[in-house]
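Novice: Take a look and give me a structure for this.
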Amino acid sequence: MTPSSRGLMAVLDSILILAVLLYINAGETYFAGVGTLVAAAASTVASWMWWRTSEGPLAAVALAVSALAVFYTADNPLSIFVLWCAIVALLLSVGARGAYLYAGVIVSSCLGLQLSAGQGAVRVVSETVAGALAAVAGLTLAGAVRQQRLEEQALMDTNRRLHAALADSRELALTQERARIAATLHDGLGHRLTTIGMSIDYATRMAGTRPDKAISELGRARSDVSAALEEMRATVRAMKPVTPVAGDILATLRQLADSFRSTALNVEFESSGPRAGSFSEEQAVLMLRFTQEALTNVVRHSCADRVLIRASGDGVVVADDGTGNEAAEDFGLTSLRERAASLGATISAEPHGGPDGGFRIALHLGEAR
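Specialist: All right, here's what the predicted structure looks like:
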């Protein structure tokens, strides 16, 4: 049961207890003595507590019988509140048929009590109509309680499905990222290591007969080792999470730029326009992931010497002076596009829009601003 449902049932608890206390306080009535009133009240409270803890059909029926006893012995309208609680219990635990049948019993009881008391026609009709209205009000209340429970249950089911879908999407993203890293290591580092091994084998064969070729091949192998190390650093850096500086995405981007200066890449960072706290948390995370992905791709693919990161109120631009890139987008950039679109932002790429015909990629926050 949700907090909202518990609150509503607590209200019904208070209504029933108050009605029972006032019912007992009425003292001896025309229909029953004090002992009968106390017994009916005790039975009603006990059956209500039983139903509240179990919500079983037997407890609901016991409460309905006790509520009728209160109704028959009361000489005031207090019993209506008890009847409403009984209707709620019947509708929730027995079903609509039981609740409507009980409402019919209430109306017929009103008619029977007035006729047995020898009341006039006007009194009989008015009391019967009043009983019918009370029964309708009870059914309306019970329907509202049931509808609230159904809506809350539907909301809880939806939340569970969303949590499951989120877990599945995270697992899928993790699997795809692992596949991307594995492909990068296989196609990049694996190829270079294979080439290095072949160079060493060739140099070993040529060492005795053609030492000049052996030395040349070892030099090429040494260059491939350096390239492989750079590629491994880029892969590890891409896997390493970057924690944003609280409330300051510009400082975070500057730290990210500094971390890439450990490579052979000359990284420059500029900012204009935005203030430290002018971006939402979602925008800041998007800017960070975008810049990290862009820098990683520069190190891996561009053969660039210099890269410029420019942050502004509209977003982030990363441009390098490498060879450019007209290849198909990888998974990392595709995922960033989807995430940007969810925030109303866009990502544009120019294969030769950077310095000296290098690659340029830009994140435009657009509507996200």
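Novice: Wait, residue 71 touches residue 81, no?
Specialist: No: contact criterion Cβ atoms under 8 Å: residue 71 and residue 81 do not qualify, at 10.5 Å. No exception for glycine: its C-beta is placed from N, CA and C like everyone else's.
Novice: Now do the helix or strand residue 160 falls within: which elements does it pack against?
Specialist: If you go by DSSP states H and E, residue 160 is part of helix 121-184. Helices and strands touching helix 121-184, by 3 or more Cβ pairs under 8 Å, 6 or more residues apart in numbering; DSSP states H and E, are helix 3-25, helix 79-93, helix 96-116, helix 211-239, helix 331-342.
Novice: Select, out of the ones you listed, the one closest to residue 257.
Specialist: Of all the helices and strands packed on helix 121-184, helix 211-239 sits nearest to residue 257, with 12.1 Å by Cβ to Cβ.
Novice: Between helix 211-239 and whichever helix or strand comes after that closest one, find me the angle.
Specialist: Counting by DSSP H and E, the next helix or strand C-terminal to helix 211-239 is helix 249-260. Computed by axes from the mean of the first three to the mean of the last three Cα atoms, to 10 degrees, the angle separating helix 249-260 from helix 211-239 equals 160 degrees.
Novice: and stretch 193-208, C-alpha only, in PDB?
Specialist: Only the C-alpha atoms of stretch 193-208 are listed here, as PDB (Å, rounded to 0.1, in the frame of the first residue of the first chain):
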ATOM      1  CA  LEU A 193      51.400  -5.500 -32.300                       C
ATOM      2  CA  THR A 194      51.200  -7.900 -35.200                       C
ATOM      3  CA  THR A 195      53.200  -5.500 -37.300                       C
ATOM      4  CA  ILE A 196      55.800  -5.000 -34.600                       C
ATOM      5  CA  GLY A 197      56.100  -8.800 -34.300                       C
ATOM      6  CA  MET A 198      56.600  -9.100 -38.000                       C
ATOM      7  CA  SER A 199      59.200  -6.300 -38.000                       C
ATOM      8  CA  ILE A 200      61.200  -8.000 -35.200                       C
ATOM      9  CA  ASP A 201      61.100 -11.300 -37.100                       C
ATOM     10  CA  TYR A 202      62.300  -9.600 -40.300                       C
ATOM     11  CA  ALA A 203      65.100  -7.800 -38.400                       C
ATOM     12  CA  THR A 204      66.200 -11.000 -36.800                       C
ATOM     13  CA  ARG A 205      66.500 -12.700 -40.200                       C
ATOM     14  CA  MET A 206      68.400  -9.700 -41.700                       C
ATOM     15  CA  ALA A 207      70.700  -9.100 -38.700                       C
ATOM     16  CA  GLY A 208      73.500 -11.400 -40.100                       C
END
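Novice: ok, and the closest non-adjacent residue to residue 355?
Specialist: Counting by Cβ to Cβ, 6 or more residues apart in numbering, residue 321 is the residue found nearest to residue 355 once chain neighbours are left out, at 4.2 Å.
Novice: picking that back up, with mean pLDDT, mean neighbour count and distance to residue 294 added, can I get the helices and strands packed on helix 121-184 in CSV?
Specialist: Formatted as CSV, the helices and strands packed on helix 121-184 follow (pLDDT from 0 to 100; neighbours: other Cβ atoms under 10 Å; distance: least, Cβ to Cβ, whole Å):
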stretch, mean pLDDT, mean neighbour count, distance to residue 294
helix 3-25, 65, 15, 46
helix 79-93, 87, 25, 58
helix 96-116, 85, 17, 61
helix 211-239, 77, 15, 11
helix 331-342, 78, 16, 8
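Novice: Tabulate those (JSON lines), appending distance to residue 266.
Specialist: As requested, those are arranged in JSON lines below (distance: least, Cβ to Cβ, whole Å):
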{"stretch": "helix 3-25", "distance to residue 266": "58"}
{"stretch": "helix 79-93", "distance to residue 266": "71"}
{"stretch": "helix 96-116", "distance to residue 266": "76"}
{"stretch": "helix 211-239", "distance to residue 266": "14"}
{"stretch": "helix 331-342", "distance to residue 266": "23"}
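Novice: Nearest to residue 40 among those helices would be which one?
Specialist: helix 3-25 (7.9 Å).
Novice: Can you give me the buried ones in stretch 292-301?
Specialist: Going by neighbour count (16 or more other Cβ atoms under 10 Å), the buried part of stretch 292-301 is 292, 293, 294, 295, 296, 297, 298, 299, 300, 301.
Novice: returning to what we had before: now the helix holding residue 160: mean pLDDT?
Specialist: Mean pLDDT, computed over helix 121-184, is 77.
Novice: For the residue of the chain positioned farthest from its centre, give me the backbone phi and psi.
Specialist: Ranked by distance from the centre of the chain (Cα atoms, centre = their mean), the top residue is residue 209, with 69.6 Å. When read as degrees, to the nearest 10, the backbone of residue 209 gives phi -100, psi -40.
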